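**Q** Predicted model and sequence follow; I will ask about them next.
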Amino acid sequence: MASILWFREISLADRPAVGGKGGSLGELTRAGIAVPPGFVMATEAFDRFISVIEETTAIRSRVETLSEDDLESIQACSALIQGAMLAHPLPEVLRAPLREAHSALFAGGAIGPVAVRSSATAEDSADASFAGLQDTLLWVLDFAALERALLQCWASLYSVPSISYRRKRAMPEAQVSMAVVVQQMVDARTAGVLFTRSPTTGDRSVVVIEGAWGLGSAVVSGEVTPDRFVVGKITGEITVRDIRDKHVMHAPLQGGGTHEVETPEDRRQVPCLDDGQLAQLRDLGRRIERHYGCPQDIEWAFDGSGSLLVLQSRPETVWAARDAAPVSKVQENPLHHLMSVFGGKR
Amino acid sequence: MGQPPLSWGDGGAMTKNAGRGFPLPSSVKVVPGTERAQAAYPYYMQFAPEDDQRFWFYNSMHFPEPMCAFDSVTGEAAYCALGAANTRVHCLPTTKGIDERYINGRVYIGGVGVTDPAEVQERTEEFMQRAFYYYENWETLYAQWKKKMGTLIEDAQKLSHPSLPKYEPLANVRAGKGVASNHDLLDTYQRTLEGYFRMWHHHFEFLLLGYGAYMTFFAFCKKAFPEISDQTIARMVAGMEAEIFRPDEELRRLARCAVQFGVEAPFQEGVSAEKVLASLREMGEAGGKWLAELEISRNPWFNVNVGDGFYHYHRAWNDDLTLPFSALPSYIKQVGEGVNLDRPVEQLVKERAQLIADYRELLPTEEDRAAFDQMIHLAHRVFPYVEGHKFYCEHWYTNLFFNKIREFGGLLKEHGFFSREDDVFHLTHYELKSAIIDLMQSWSAGSPPRGPAHWPPIVAERRAAIALWAKNDTPPALGPVPEIIDDPAIVMLWGITRESLDAWLDADSGEAKRDIKGFAASRGVVEGIARVVKSAEEITRLREGDILVCQVTNPTWSPVFRKIAAAVSDIGGSMSHAAIVAREYGLPAVVGTGNATRRIRDGQRVRVDGDRGLVTLLD
């Protein structure tokens, strides 16, 4: 398999090669959902890089000998491996196709900012808590920065929390790998998260939308209290509009990366989404949920021109695990349902 | 096993709620100077000391204004029938009937729960033999009901006009009738009263069972979709061709006729119905054609009254054409502008089917979908009754009843008992019978009746009392707050829950400031000027874009819904007819606020949020 795969070439079935995030973005792209264009540096590239490093520094066997309680050894091991990885230049066999894909991403025009996002593979790829341990680098401006970002993502698989997580679960290191997503950066005017099932009540008939000004990272990281809307999935009625004081926002930094800035006074208390945008988000949620056949948690952004883009979609896991008993049993005589209201038999 | 139902419950429940309660009945004083008017209500409607132990709420949904002595017959007849159906006919397992008390003209009611598990069990077995039979044979029994109701209406229409001839007609004498005309008065009066009590039994024959099926589906939806709005569930169940839409549809039909026949000119805003009719009579053939169409609509569809049918002065459109004729100009204008006023029934049916299918699809399992199907099917079967009965019972029959009593009022006025025919409504039905017998005796004796000396001061006193009571604020509820409200009848008919009582208590303690909370009955958010309408006669004050604020909204006000921007009511759930009509017209509505008419000033700017069930005072 090639080390670079474009989103349009990827489906969910390719997750072993492109990771959970990459698989999802490919799947969405192929389903016709607007996703910022991009490609994935497949796990094969990571594996190749690791084997180059392993020629001088043992990595996988070293990690596997670590005990989960021995934090000191984990810290030492992490520093050693990350140091070796970040010091090593990207082998030309990986560098050349990456450079080619990077310029192709902007179709021969001027290179624009990209997001570089870890897309790890592990047995339980739906486990968001594992995915959250790996790095994402935003607003990466040029190829040199992209190379660094790629190495940093790869190295994040050997961060202290990441190693500890795997050791606690005794995950075999040979199966641990990472793909990296590279996609055009959305200069989000508003961004946030869309739940196609209420996180608080588990209701499947509403979508819950949380959003704030600027890049979605401020919402996802919890640095801003987002506006919160509840919209009827079927009816479209907006039943909750919680407009909060969005005191800060994430914005691009000159020279690359992002930083937190204070939200201009006149926008702090203003709803970050209008009814039309809420309707668009609801439609989007229904469409993605239908495509996957189960409730989803979706990261989204409206760019400066007002286009709605999807940055990520994951199956909802919390309520899915709780669904056990039916709402109500079928009754041989349907009239027995009435006793739930008329009482006497509960 | 049923939880303890609404009402005082046991001592434990009262202790837990210590400090949280409404004024005790014994603490509510009769307005000074109205003591004798208060005493006119029968002894069994007066609060007694032991009533302090129970929870009561003001039934402002049905009786938003003080009740004249005669009008209290409606409470009596209705609760006799409601209680009979619940307690003795269908045997609802956890609840019996309703007790009623009158103070300062206001009707307080309290439920009677069943708490003993053995009794609940016994009643459950009875219920399943009785109510289930009704559900199983619903269509047949409902068809039978319509026939019964038709006969009852015909019988009421056949009752003779009460009158006393100078001499018995010769024909009666020669036929050997042997019963004189004064006896006919008693006969007609008793039949009138009997028919009214009978009508209420018909009214409640199916009602609770119908609401119960709806509530079952409602509870399922709330469990499956915790955030679903009440109005969405209502939209899945509501029928499209209920009788209650007909009067308004007839007005639209008449508007189309007016344009078609070219007789639009007389229909001008602010011109009285009489003048419009006079102009039409002068318009030759075209005018005559329209008047003929009007007659078709009037019988029976103008037998709707402008209130809920519970007050003698809520006259039917047929008796007072003001309301329908105030709506016609704007309808005619719209027809002229090419607006299609037809209710898009086919589209509404399609939308409802789609809504049901969409929610069904969201259910996670086949089993849930099958249970959903069972419940919605049952709700659809029973709902035509729930939506349809009101036209026959509260409107058509009730009009006939009050009009017949009014005829007695006319006769008694003729004989000097009253100065106005409507004075008759200040007598209780017992007192009216005594006045009729007084007149019968006087006619037979050939001597003057005693009534003309007896009744006028009493009527004057009671009329003054009603005016004082109307200005007197009355608590929304009395007595200790029940721990939980589990009486299906109270929840279904009045939308009263523990949460709504808490909200009423908070409002009374001044905790809530600018927001008034109620049921989100129809979606949308709108701001405008509030018109606080306290009686049916005041609805003519409403202007284009006003927000209607009333104690209870009424579907026969439908035509004003085209004018107003939103509706707010003190009482009512999401299946109240007002909520249904508001949804039809796409107007935001918040119902069941408990006290909007007290907290909103007439002319105040308010925002009505029909999505969240919130009314906000803006100035």
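**A** Cool, got the structure.
**Q** CA only for contacts and neighbour counts going forward, please
**A** OK.
**Q** tell me the helices in the stretch 1-150 of chain A, going along the chain?
**A** For the stretch 1-150 of chain A, the helices defined by DSSP state H, counting those that start in this stretch cover A:15-30, A:43-54, A:60-64, A:71-87, A:92-105, A:128-131, A:143-156.
**Q** if I look at the most centrally placed residue in chain B, how far off is chain A?
**A** For chain B, residue B:308 is the residue whose C-alpha lies nearest the centre (C-alpha atoms, centre = their mean; 3.4 Å). According to C-alpha to the nearest C-alpha, to the nearest Å, residue B:308 stands 27 Å off from chain A.
**Q** Which element, helix or strand, includes that residue?
**A** Counting by DSSP states H and E, there is no helix or strand that carries residue B:308.
**Q** so what pLDDT did it get?
**A** According to the per-residue confidence, residue B:308 scores 72 in pLDDT.
**Q** who are the neighbours in contact with it?
**A** B:62, B:314, B:394-395, B:554 (C-alpha atoms under 8 Å, 6 or more residues apart in numbering or on different chains).
**Q** lowest-confidence stretch among the helices of the stretch 1-150 of chain A?
**A** helix A:128-131 (a mean of 59).
**Q** Please name the spatially closest residue to residue B:477 (chain neighbours excluded).
**A** Nearest residue to residue B:477 in three dimensions, chain neighbours excluded: residue B:57, at 3.9 Å (C-alpha to C-alpha, 6 or more residues apart in numbering or on different chains).
**Q** Need the phi and psi values for the one you found.
**A** Here the main-chain torsion angles of residue B:57 (degrees, to the nearest 10) amount to phi -130, psi 150.
**Q** any idea how far chain A is from it?
**A** Using C-alpha to the nearest C-alpha, residue B:57 is found at 22 Å from chain A.
**Q** Give me the residue at the spatial middle of chain A.
**A** The geometric centre of chain A, computed from its C-alpha atoms, lies nearest to residue A:312 (C-alpha atoms, centre = their mean), at 4.8 Å.
**Q** Provide the partner residues of that one in its beta bridges.
**A** Here residue A:312 sits in beta bridges with residue A:299, as judged by DSSP bridges.
**Q** Please name the residues that touch it.
**A** A:21, A:24-25, A:298-300.
**Q** Including neighbour count, could those go into a markdown table?
**A** Below are those laid out as a markdown table (neighbours: other C-alpha atoms under 10 Å in any protein chain shown):
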| residue | neighbour count |
| --- | --- |
| A:21 | 27 |
| A:24 | 25 |
| A:25 | 31 |
| A:298 | 23 |
| A:299 | 23 |
| A:300 | 27 |
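**Q** Can you tell me which of these is closest to chain B?
**A** Minimum distance to chain B across the contacts of residue A:312 is 18.2 Å, recorded for residue A:298 (C-alpha to the nearest C-alpha).
**Q** Without its sequence neighbours, what residue ends up closest to the closest one?
**A** Once flanking residues are discounted, residue A:298 sits nearest to residue A:313: 4.3 Å by C-alpha to C-alpha, 6+ apart.
**Q** Pretty sure that neighbour sits against residue A:296.
**A** Yes: distance between residue A:313 and residue A:296: 6.2 Å, which falls inside the contact criterion (C-alpha atoms under 8 Å).
**Q** And the strands in chain A?
**A** A:4-6, A:38-41, A:114-121, A:136-140, A:177-184, A:188-195, A:206-213, A:227-232, A:238-242, A:248-252, A:258-262, A:296-303, A:308-315 (DSSP state E).
**Q** got it, and the stretch 51-200 of chain B?
**A** Taking DSSP state E, counting those that start in this stretch, the strands of the stretch 51-200 of chain B run over residues B:56-58, B:95-103, B:106-113.
**Q** what does the domain assignment say about the chain?
**A** All of this refers to chain A. For chain A, automatic domain parsing gives the domain ranges A:4-184, A:188-322.
**Q** wrong one, chain B
**A** With automatic domain parsing serving as the domain definition, the record reports that chain B contains domains spanning B:11-132+B:475-494, B:243-342, B:514-617.
**Q** so what's the nearest residue to residue A:193 once chain neighbours are set aside up against?
**A** Ranked by C-alpha to C-alpha, 6+ apart and with sequence neighbours excluded, the top spatial neighbour of residue A:193 is residue A:299, at 4.5 Å. Residues counted as contacts of residue A:299 (C-alpha under 8 Å, 6+ apart) are A:191-194, A:216, A:310-313.
**Q** for residue A:202, same thing?
**A** Neighbour list for residue A:202: A:319, B:226 [criterion: C-alpha under 8 Å, 6+ apart].
**Q** again with residue A:190
**A** The neighbourhood of residue A:190, defined by C-alpha under 8 Å, 6+ apart, consists of A:211-216, A:272-273, A:301-303.
**Q** Kindly indicate the member of those residues with the most neighbours.
**A** Each of the contacts of residue A:190 was scored by neighbour count (other C-alpha atoms under 10 Å in any protein chain shown); the top score is that of residue A:212, with 34 neighbours.
**Q** With residue A:220 as the reference, measure out to the closest residue to that residue other than its chain neighbours.
**A** In space, not counting the residues next to it along the chain, residue A:212 is nearest to residue A:226; the distance is 5.1 Å by C-alpha to C-alpha, 6+ apart. With distances taken as C-alpha to C-alpha, to the nearest Å, residue A:226 is found 10 Å from residue A:220.
**Q** who's more crowded, these two?
**A** Under the neighbour definition other C-alpha under 10 Å, residue A:226 and residue A:220 were set side by side, and residue A:226 has more, 26 against 16.
**Q** I'd assumed residue A:210 was in contact with that one.
**A** Yes: counting by C-alpha under 8 Å, residue A:210 is a contact partner of residue A:226 at 5.6 Å.
**Q** per-residue confidence for the residue located most distally from the centre of chain B?
**A** No residue in chain B sits farther from the centre than residue B:174, which is 47.7 Å out by C-alpha atoms, centre = their mean. We have a pLDDT of 97 for residue B:174.
**Q** try residue B:19
**A** According to the prediction, residue B:19 has pLDDT 54.
**Q** what does the stretch 201-350 of chain B have sitting close to chain A?
**A** Selection of the stretch 201-350 of chain B residues close to chain A by C-alpha under 8 Å from any C-alpha of the partner chain yields B:212-213, B:215-216, B:219-220, B:223-228, B:232.
**Q** low-scoring pLDDT stretches of chain B, where are they?
**A** Residues of chain B that meet the criterion pLDDT under 70 lie in B:1-20, B:483-486, B:492-493, B:507-513, B:536, B:553-556, B:572-578.
**Q** repeat that with 50
**A** In the prediction, chain B carries residues with pLDDT under 50 at positions B:1-18, B:511.
**Q** List, one by one, the residues from it near chain A.
**A** Taking C-alpha under 8 Å from any C-alpha as the criterion, the neighbours of chain A within chain B are B:1-2, B:92-94, B:120-121, B:124, B:132, B:135, B:212-213, B:215-216, B:219-220, B:223-228, B:232, B:355, B:358-359, B:362-363, B:365, B:367-368, B:370-371, B:374-375, B:488, B:523, B:611-612.
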